[in-house]
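Engineer: Just need the structure, nothing else, for what follows:
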Amino acid sequence: MKNILLAAFFIVTTTVSMAQSKVGTVDVDFILTNMTDELKKVNDSLANYEASLSAQLQTKMTDYETKYKAFDAAQATMSDAMKQTKSQEIANVENDIMQFRKNGSQLLSLRRDQLLAPLYQRIGKALDAEAKAQNYSQVLNIGSGALGYADPKFDVTEAVMKRMGVTIKQQQPQGQN
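Structural biologist: Numbers count the residues shown, from 1 in each chain. Down below sits the predicted model:
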């Protein structure tokens, strides 16, 4: 009897707590793509940063070419110790160039993340406010396509965009409203 009452208590408690949950969906990527003014600033800043990295690489390559040509022209008159020193300098510049190229894409990716972080924070704040206003206990991001099905009536994407003052410039993909 005691076990039956305990089981009934758990069933009632679980049912009550499940009835209080309200789950919504949002497409953060869709919101971000409609933030065209902000994205343009991010892309412009990223392009400037990429140009800066390219200029730095070009400077390193020019330095390498200068050192190599100077070494090539003067090596016949250099002592063995001087040849070894200059060869090591050239090898160091060459390694520096290879390392810079290797790190370039990582630096660009880090900069992109830094520039997008304020936009994601802005979306997050608006999403928090909208979720609280509509009494959602959870809001899942459907932008990645990982969610099998979500009823469009629980999608808060447009409400979040409205709260942020972002106008819809393109439509959401089919099945995501």
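Engineer: tell me which element the residue nearest to the spatial centre of the chain falls in.
Structural biologist: When the chain is reduced to its mean C-alpha position, the nearest residue by CA atoms, centre = their mean turns out to be Asp113, at 4.3 Å. Under the criterion DSSP states H and E, the helix or strand holding Asp113 is helix 80-133.
Engineer: Tell me the helices and strands packed up against that helix.
Structural biologist: Using 3 or more CB pairs under 8 Å, 6 or more residues apart in numbering; DSSP states H and E as the contact criterion, the neighbours of helix 80-133 among helices and strands are helix 28-33, helix 36-74, helix 157-164. The way it works is simple: take the backbone N, C-alpha and C, and place the C-beta from them, glycine included.
Engineer: least reliable of those going by mean pLDDT?
Structural biologist: The stretch with the lowest mean pLDDT among the helices and strands packed on helix 80-133 is helix 157-164, at a mean of 89.
Engineer: looking at this structure, which helix or strand is least sure?
Structural biologist: For the chain, the helix or strand with the lowest mean confidence is helix 2-19, at a mean of 51 (criterion: mean pLDDT, DSSP states H and E).
Engineer: Next secondary structure after it?
Structural biologist: Once helix 2-19 ends, the next helix or strand along the chain (criterion: DSSP H and E) is strand 23-26.
Engineer: Name the residues that touch that next one?
Structural biologist: The contact list for strand 23-26 (CB atoms under 8 Å, 6 or more residues apart in numbering) reads 127, 131, 134, 136-143, 147, 150, 154-157, 160, 176.
Engineer: same thing but at 7 Å, please
Structural biologist: Strand 23-26 is contacted by residues 127, 131, 134, 136-142, 147, 150, 154-157, 160 when judged by CB atoms under 7 Å, 6 or more residues apart in numbering.
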